[in-house]
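Q: A predicted structure for the sequence below; I have some questions about it.
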Amino acid sequence: MSDTWDAIVIGGGAAGLFCAATAGRRGRRVLVVDHAEKIGRKILISGGGRCNFTNRGATHANYVSANPHFARSALARYRPEDFIALVEKHRIPYHERRHGQLFCDDSAKRIVALLLDECAGAGVEVRTGVRIAGVDHAGGFTVGTSHGPLQADRVVLATGGLSVPTTGATDLGHRLARRFGLRVTPLVPGLVPFTTDPGLGLGDLSGIAVDARLACGRMAFQENLLFTHSGISGPSVLQVSNFWDPGAEVTVDLLPDVDATELLAGARAGGSRAQAATVLAERLPKRLVQQRLTGLPRDPGARPAADLSNADIAALRDALQAWTLVPTGTEGYRKAEVTRGGIDTRDLSSQTMEARTMPGLFAIGEVVDVTGWLGGYNFQWAWASGHAAGMAL
Ligand SMILES: Cc1cc2nc3c(=O)[nH]c(=O)nc-3n(C[C@H](O)[C@H](O)[C@H](O)COP(=O)(O)OP(=O)(O)OC[C@H]3O[C@@H](n4cnc5c(N)ncnc54)[C@H](O)[C@@H]3O)c2cc1C
């Protein structure tokens, strides 16, 4: 069998498999190589094992990149409804959760099977357990592998991000991009829990989850907030982590659907003798209220609601609705869902994902500096960028 191909896709994850299937359907001879023995490990653990495979509302506005417009073209040409149609064609049952997020009813395995079926139907060969030694370019590309050299006119970098190294994540794509003269923006963990100063005493709250509105800079998200033994996590935290840089403040509103000023002023007007902390504990876990009110000057939480001054009410409101904290850091790639940063979009065509200065070299998916919000956006980028490259190969 000849080891010469029209295109070799390095990385058989979401973007790589989808790109290969798209190109295969167009008659290209495509080989996918992956160092993992088992294909799609990150897909299998995604969405808590149910794979949040797209988001109905995905647009370029849901992505972080040095160039916020880069993703626009690919996302416009391969839309969430296109992938939903494919899911339906494969008869995969799915359901919608909050904010337009679509999940498999049973298992993420169905999405891996969909991708492998699409590849098989398009005549794509997928080889696993293949270590990549390097890629050279002299006319065409030669990919050096543990199974011998492979030749192709085109090479697609689809090795994903650095998060959860146990799934087989490596920086090979970033290194190969640099080797061919492409720039790579700084890489940091994204969609990741924060660590906080143990002195804040949040460890005692470990296990408590509340609906909260978190803001960092100009971005704010209202979703679940979970206290952990080392800091804070949950969807609202993961979302703002994509916009956080070390040293930046995060503002937390623990009562996003309640006006604490109104609540306390109402209890005061009603002449309630209940302690202010007790009034607030009707809306929030008691331990959390206590933690937030501990140390406030003049201990307003211990006062009967009827005796609160306006200054007391303002202090109580601020403690719960305008809590600012500076995370000490993040839980890093071990716990991150994605990598922020990647191959610099200035060096890629937004139409085809082809490198501007190295014709024949393409980069797709998470290895590129396009990072989605939490909620199915990262897979939609994998499909859309994979499709754009697959149509151009
Ligand atoms: C815990 C978790 C949950 C997630 N849940 C969701 C979700 O529900 N919805 C969503 O949209 N996104 C989710 N994501 C993010 C999503 O999984 C990724 O953004 C997406 O998989 C990126 O696709 P990709 O093809 O670029 O990379 P990947 O899917 O990671 O594929 C990269 C492939 O390259 C291979 N590779 C890497 N290095 C090498 C090498 N040196 N040699 C050969 N092959 C290599 C890997 O083995 C892998 O198969 C989640 C991520 C994590 C970690």
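A: Ah, there it is.
Q: hey, let's count contacts and neighbours off CA atoms from now on
A: Will do.
Q: wait, what's in contact with the residue of the chain most remote from its centre?
A: Using C-alpha atoms, centre = their mean, the residue of the chain lying farthest from its centre is residue 271. It sits 48.3 Å away. Residues in contact with residue 271 (C-alpha atoms under 8 Å, 6 or more residues apart in numbering) are 305-306.
Q: is the host helix or strand of residue 142 up against the ligand anywhere?
A: Element membership for residue 142, per DSSP states H and E: strand 140-145. No. Shown here: strand 140-145 not in contact with the ligand (C-alpha under 6 Å from any ligand atom), separated by at least 9.3 Å.
Q: three-state assignment of residue 186?
A: coil (DSSP: H, G, I helix; E, B strand; the rest coil).
Q: tell me how many other residues crowd it.
A: 12 (other C-alpha atoms under 10 Å).
Q: name all residues that make contact with the residue lying closest to it once chain neighbours are set aside.
A: Nearest residue to residue 186, sequence neighbours excluded (C-alpha to C-alpha, 6 or more residues apart in numbering): residue 341, at 5.6 Å. Listed by C-alpha under 8 Å, 6+ apart, the contact partners of residue 341 are 65, 184-188, 368-371.
Q: and residue 99, by the same measure?
A: 55, 375.
Q: domains for this protein, by residue range?
A: Split into domains by automatic domain parsing, the chain comes to 4-189+338-392, 193-331.
Q: TSV please, covering those and showing mean pLDDT.
A: Shown next, in TSV, are the domains of the chain (pLDDT from 0 to 100):
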stretch	mean pLDDT
domain 4-189+338-392	97
domain 193-331	97
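Q: need the winner for burial among the ones you listed.
A: Mean neighbours per residue, mean count of other C-alpha atoms under 10 Å, is largest over the domains of the chain for domain 4-189+338-392, with a mean of 21.
Q: what about that one, distance to the chain center?
A: 14 Å (C-alpha atoms, centre = their mean, to the nearest Å).
Q: excluding sequence neighbours, find me the nearest residue to residue 38.
A: That would be residue 128: by C-alpha to C-alpha, 6+ apart, it lies 7.0 Å from residue 38.
Q: list phi and psi for the one you found.
A: The phi/psi pair for residue 128 (degrees, to the nearest 10) reads phi -110, psi 170.
Q: who touches it in this structure?
A: Per C-alpha under 8 Å, 6+ apart, neighbours of residue 128: 33-39.
Q: swap the cut-off to 7 Å and go again
A: 33-38 (C-alpha atoms under 7 Å, 6 or more residues apart in numbering).
Q: identify the farthest-apart pair in the contacts of residue 341.
A: 184 and 371 (13.8 Å; C-alpha to C-alpha).
Q: residue 393 against residue 23, yeah?
A: Yes. Between residue 393 and residue 23 there is a contact under C-alpha atoms under 7 Å: 6.3 Å.
Q: so is the longest helix seen in the chain next to the ligand?
A: Longest among the helix segments of the chain by residue count, using DSSP state H, is helix 377-392. Yes. Using C-alpha under 6 Å from any ligand atom, a contact is recorded between helix 377-392 and the ligand, made by 377-379, 382.
Q: how about the CA coordinates for that helix, as CSV?
A: Extracted in CSV, the C-alpha atoms of helix 377-392 (Å, rounded to 0.1, in the frame of the first residue of the first chain):
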residue,chain,number,x,y,z
TYR,A,377,-18.9,26.3,21.4
ASN,A,378,-15.5,24.6,21.3
PHE,A,379,-16.9,21.6,19.4
GLN,A,380,-18.7,23.9,17.1
TRP,A,381,-15.4,25.5,16.3
ALA,A,382,-13.8,22.1,15.8
TRP,A,383,-16.6,21.2,13.3
ALA,A,384,-16.6,24.6,11.5
SER,A,385,-12.8,25.0,11.2
GLY,A,386,-12.5,21.3,10.2
HIS,A,387,-15.1,21.8,7.6
ALA,A,388,-13.4,25.0,6.2
ALA,A,389,-10.1,23.1,5.8
GLY,A,390,-11.8,20.0,4.5
MET,A,391,-13.4,22.0,1.7
ALA,A,392,-10.1,23.5,0.8
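Q: helices or strands up against that helix?
A: Packing contacts for helix 377-392, counted by 3 or more C-alpha pairs under 7 Å, 6 or more residues apart in numbering; DSSP states H and E, involve helix 14-25, strand 52-55, helix 72-77.
Q: the shortest one near the ligand at all?
A: Read it as strand 52-55. Yes. Under the criterion of C-alpha under 6 Å from any ligand atom, the ligand is reached by strand 52-55 at 52-53.
Q: following the chain onward from that strand, which element is next?
A: Using DSSP H and E, the first helix or strand after strand 52-55 is strand 63-64.
Q: packing partners of that next one?
A: Using 3+ C-alpha pairs under 7 Å, 6+ apart: strand 63-64 touches strand 371-372.
Q: parallel or antiparallel, which strands does the strand it packs on pair with?
A: strand 63-64 (antiparallel) (DSSP bridges).
Q: now do the residue farthest from the centre of the chain against the ligand, distance only.
A: Applying C-alpha to the nearest ligand atom, to the nearest Å, the value for residue 271 to the ligand is 49 Å.
Q: confirm that that residue sits in a strand.
A: No. Using three-state DSSP, the assignment for residue 271 is coil, not a strand.
Q: how far away is the residue lying closest to residue 389 once chain neighbours are set aside from residue 218?
A: Once flanking residues are discounted, residue 389 sits nearest to residue 352: 5.0 Å by C-alpha to C-alpha, 6+ apart. Relative to residue 218, residue 352 is positioned 31 Å away (C-alpha to C-alpha, to the nearest Å).
Q: cool, residue 145 as well?
A: Distance from residue 145 to residue 218, by C-alpha to C-alpha: 46 Å.
Q: cool, and residue 368?
A: 24 Å.
Q: and if you look at residue 317?
A: For residue 317, the distance to residue 218 - C-alpha to C-alpha - is 22 Å.
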